[in-house]
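**Q** return atomic coordinates for the entry below.
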Amino acid sequence: MRILDNLRAEAAEFRAAVDSAPEPDIGWDVWGLRRYLHKVWFRLVHEHAEPWRIAAAVFVGVIIGSSPFFGFHLLLCIVFAMALRLNKLTMWLAANVSLPIFAPFLAFASAQVGHLMLHGRWADFTLEQVREAPMDLLTWWLVGFPVVGALLGVVLAAVVFRVATARQARRGGPEPATTTTVPPPSV
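**A** Take a look at the predicted model:
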């Protein structure tokens, strides 16, 4: 029940923060949609922006991105970010470690680690074996993705933590929770 309470509190806090976000200076607005989207973007960028929270969001996002649950990564990121009170945008960006160019390598590494964990040896499977028993490959992937995701997540989170800490030191301390100005949109 505590996780549900965290989700409710995070959702209420997000709504309140969007309402209190600074008003953007925009020229036109259809039904207030642009103004609302600017406020949501401001909140997503500035929520839970401490370096350790950003690094934790990267760690969890990479683990989610390493999973075989394609199509559900965004939903998983939102739920886990709200439950753990981490930055949603950062977690979703980190989950994109499974872009199509990297996904086969993550799947192969996860399947190999899963096979090693289940059978005590590396798998030497062929395309024919994969075609005959695809559930074996999925099982190995399901067993191996937390390990592969955690290893990759630790490396990427450490890099992000170092960069975020250096950025915070250059700025002279932690960022305020809210600011009164909105940076101009990038073109």
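**Q** please count neighbours and contacts with C-alpha atoms only from this point.
**A** Noted.
**Q** which parts of the chain are helices?
**A** In the chain, the helices defined using DSSP state H lie at 2-20, 33-46, 51-66, 73-84, 88-95, 103-119, 127-132, 134-171.
**Q** in the second one, what's buried?
**A** The one in question is helix 33-46. 35, 36, 38, 39, 40, 42, 43, 44, 46 (16 or more other CA atoms under 10 Å).
**Q** nearest residue to residue 42 in space, please, no chain neighbours.
**A** What sits nearest to residue 42 in space, not counting adjacent residues and going by CA to CA, 6 or more residues apart in numbering, is residue 21, at 7.1 Å.
**Q** using CSV, lay out the helices of the chain together with distance to residue 26 and mean pLDDT.
**A** What follows is the helices of the chain, written out as CSV (distance: least, CA to CA, whole Å; pLDDT from 0 to 100):
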stretch, distance to residue 26, mean pLDDT
helix 2-20, 17, 83
helix 33-46, 8, 77
helix 51-66, 30, 96
helix 73-84, 29, 94
helix 88-95, 23, 94
helix 103-119, 40, 94
helix 127-132, 55, 81
helix 134-171, 27, 94
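**Q** tell me the most buried of the ones you listed?
**A** Counting by mean count of other CA atoms under 10 Å, helix 51-66 has the highest mean neighbour count of those, with a mean of 27.
**Q** against which helices or strands is that helix packed?
**A** helix 73-84, helix 88-95, helix 103-119, helix 134-171 (3 or more CA pairs under 8 Å, 6 or more residues apart in numbering; DSSP states H and E).
**Q** what angle separates the third one from helix 51-66?
**A** To tie it back to what came earlier, the one meant is helix 103-119. 80 degrees (axes from the mean of the first three to the mean of the last three CA atoms, to 10 degrees).
**Q** kindly export helix 103-119 (C-alpha atoms) in CSV.
**A** Taking C-alpha atoms only, helix 103-119 is exported to CSV below (Å, rounded to 0.1, in the frame of the first residue of the first chain):
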residue,chain,number,x,y,z
ALA,A,103,18.5,-4.1,-29.0
PRO,A,104,20.0,-7.2,-30.7
PHE,A,105,23.2,-6.8,-28.7
LEU,A,106,21.3,-6.3,-25.4
ALA,A,107,19.1,-9.3,-26.2
PHE,A,108,22.1,-11.5,-27.1
ALA,A,109,24.0,-10.5,-24.0
SER,A,110,21.0,-11.0,-21.8
ALA,A,111,20.2,-14.4,-23.3
GLN,A,112,23.8,-15.5,-22.8
VAL,A,113,23.9,-14.4,-19.2
GLY,A,114,20.5,-16.0,-18.6
HIS,A,115,21.7,-19.3,-20.1
LEU,A,116,24.9,-19.1,-17.9
MET,A,117,22.8,-18.5,-14.8
LEU,A,118,20.4,-21.4,-15.6
HIS,A,119,22.8,-23.9,-17.0
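**Q** cool, thanks, signing off.
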